[in-house]
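*Asks:* Give me a 3D structure for the following:
(one chain, ligands or ions: 1)
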Amino acid sequence: MFMRNAVSIFVTAAGVVALNVASIGLAAEAPANPVALGSAISEAQLADWDLIVAPDGQNLPEGSGTAAQGQAVYQQQCAACHGAAGEGASGSPALVGGSVSTTPPLLTVGSYWPHASTLFDYVRRAMPPTAPKSLSNTEVYQVTAYVLHLHGVIAEDFVLDKNTLPAVQMPNREGFTDVSGN
Ligand code: HEC
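*Replies:* As a prediction, this is how the structure comes out:
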C-alpha cells in the first residue's frame, strides 16, 4: 500500500506541475492517478492495473497469509455485506456454502469456482467495492485463506502464498469443460 501511495504522490506531483499552469484550484481536486481514454498511460499507471492473476497462479505477488490471520480482515472489511460467516445478505452474494447439485443450485466461491487463484484475483481488484485495491497483498492472501477455510477447503493454519495457492483443490474443479481449444 505504501508503494502505491508513493507512486500516486509522484504522479500527483507531476500532475500538479502541469495543472498549475492552467489553474491552481483544479490541482487540489485532480485524481491521484488519472487514467483517461485517449491519453497515453505511463508505466507506473500500468503497473497499478496490471494485476490479473491467471488460473494457474501466474502473476501472484509475494506475500502470504492464513485463515487465522484473515478472520480479522474479513470481519472488518467484508462481513457487513457478505455476512459474518460468508452466508451473504441482501444485495451481496454468499461466498461459501451451497452446492452445484441442488435444484436450484447455490453457486458460491466455495461450491462453484474451479480455481482458488480467481478468488485472490477478484478480491484484490474489486473488493471491498467501496475501496477496490485498498487491501495489501498480505491482507488479500489472509482474507482469501479465510473464505476458503469457511467453506472447509483449507485448514485454519494453511499458509497461502504464490506457490501453495494454485495447488489448492477447489470442490468444483472438475465441473467445467474447456472449449477454448488451448
Ligand atoms: C459494501 C458491500 C461489500 C463489501 C464490504 C464487500 N463486498 Fe464482496 N461483493 C459485494 C457485492 C454487491 C458483490 C456482487 C458483485 C457483482 O456480482 O457484480 C460482491 C462480490 C464478491 C465476490 C464474488 C462472488 C461471486 O460468487 O461472484 C467475492 C469473492 C467477494 N465479493 C469477496 C469479498 C471480500 C473478501 C470482501 C472483503 C475484503 C468483500 N467482498 C467486501 C459487496 C461487498
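*Asks:* Residue ranges of each domain in the protein, please.
*Replies:* Using automatic domain parsing, the domain parsing of the chain gives 2-49, 64-167.
*Asks:* Switch these over to JSON lines; also include distance to the ligand and mean pLDDT.
*Replies:* Every residue, glycine included, has its C-beta placed from N, CA and C. Formatted as JSON lines, those follow (distance: least, C-beta to the nearest ligand atom, whole Å; pLDDT from 0 to 100):
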{"stretch": "domain 2-49", "distance to the ligand": "17", "mean pLDDT": "56"}
{"stretch": "domain 64-167", "distance to the ligand": "3", "mean pLDDT": "98"}
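*Asks:* any chance of these in CSV, plus distance to Val179 and mean neighbour count?
*Replies:* Output for the domains of the chain, formatted as CSV (distance: least, C-beta to C-beta, whole Å; neighbours: other C-beta atoms under 10 Å):
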stretch, distance to Val179, mean neighbour count
domain 2-49, 28, 12
domain 64-167, 14, 18
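*Asks:* Can you lay out those domains as a markdown table showing distance to Asn182?
*Replies:* Below are these laid out as a markdown table (distance: least, C-beta to C-beta, whole Å):
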| stretch | distance to Asn182 |
| --- | --- |
| domain 2-49 | 24 |
| domain 64-167 | 15 |
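*Asks:* For Val159, give its distance to Val143.
*Replies:* According to C-beta to C-beta, to the nearest Å, Val159 and Val143 sit 14 Å apart.
*Asks:* Same check on Leu95?
*Replies:* For Leu95, the distance to Val143 (C-beta to C-beta) stands at 10 Å.
*Asks:* And Ser64, by the same measure?
*Replies:* Taken as C-beta to C-beta, the span from Ser64 to Val143 is 13 Å.
*Asks:* Show me the helices in the chain, by range?
*Replies:* For the chain, the helices defined by DSSP state H occupy 2-22, 24-29, 43-49, 67-77, 79-82, 109-112, 116-126, 137-150.
*Asks:* got the CA positions of stretch 62-81 in PDB?
*Replies:* Only the C-alpha atoms of stretch 62-81 are listed here, as PDB (Å, rounded to 0.1, in the frame of the first residue of the first chain):
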ATOM      1  CA  GLU A  62       4.900 -12.000  -2.900                       C
ATOM      2  CA  GLY A  63       3.300 -12.300   0.500                       C
ATOM      3  CA  SER A  64       1.400 -15.000   2.400                       C
ATOM      4  CA  GLY A  65      -1.400 -15.400   4.900                       C
ATOM      5  CA  THR A  66      -3.500 -17.900   6.800                       C
ATOM      6  CA  ALA A  67      -7.200 -18.100   7.600                       C
ATOM      7  CA  ALA A  68      -6.500 -17.500  11.300                       C
ATOM      8  CA  GLN A  69      -4.900 -14.100  10.300                       C
ATOM      9  CA  GLY A  70      -7.700 -13.400   7.800                       C
ATOM     10  CA  GLN A  71     -10.500 -13.600  10.200                       C
ATOM     11  CA  ALA A  72     -10.000 -10.000  11.400                       C
ATOM     12  CA  VAL A  73      -9.600  -8.700   7.900                       C
ATOM     13  CA  TYR A  74     -12.900 -10.400   6.900                       C
ATOM     14  CA  GLN A  75     -14.800  -9.100   9.900                       C
ATOM     15  CA  GLN A  76     -13.600  -5.500   9.300                       C
ATOM     16  CA  GLN A  77     -13.800  -5.400   5.500                       C
ATOM     17  CA  CYS A  78     -16.300  -8.000   4.300                       C
ATOM     18  CA  ALA A  79     -18.700  -9.200   6.900                       C
ATOM     19  CA  ALA A  80     -21.000  -6.200   6.800                       C
ATOM     20  CA  CYS A  81     -22.000  -7.200   3.300                       C
END
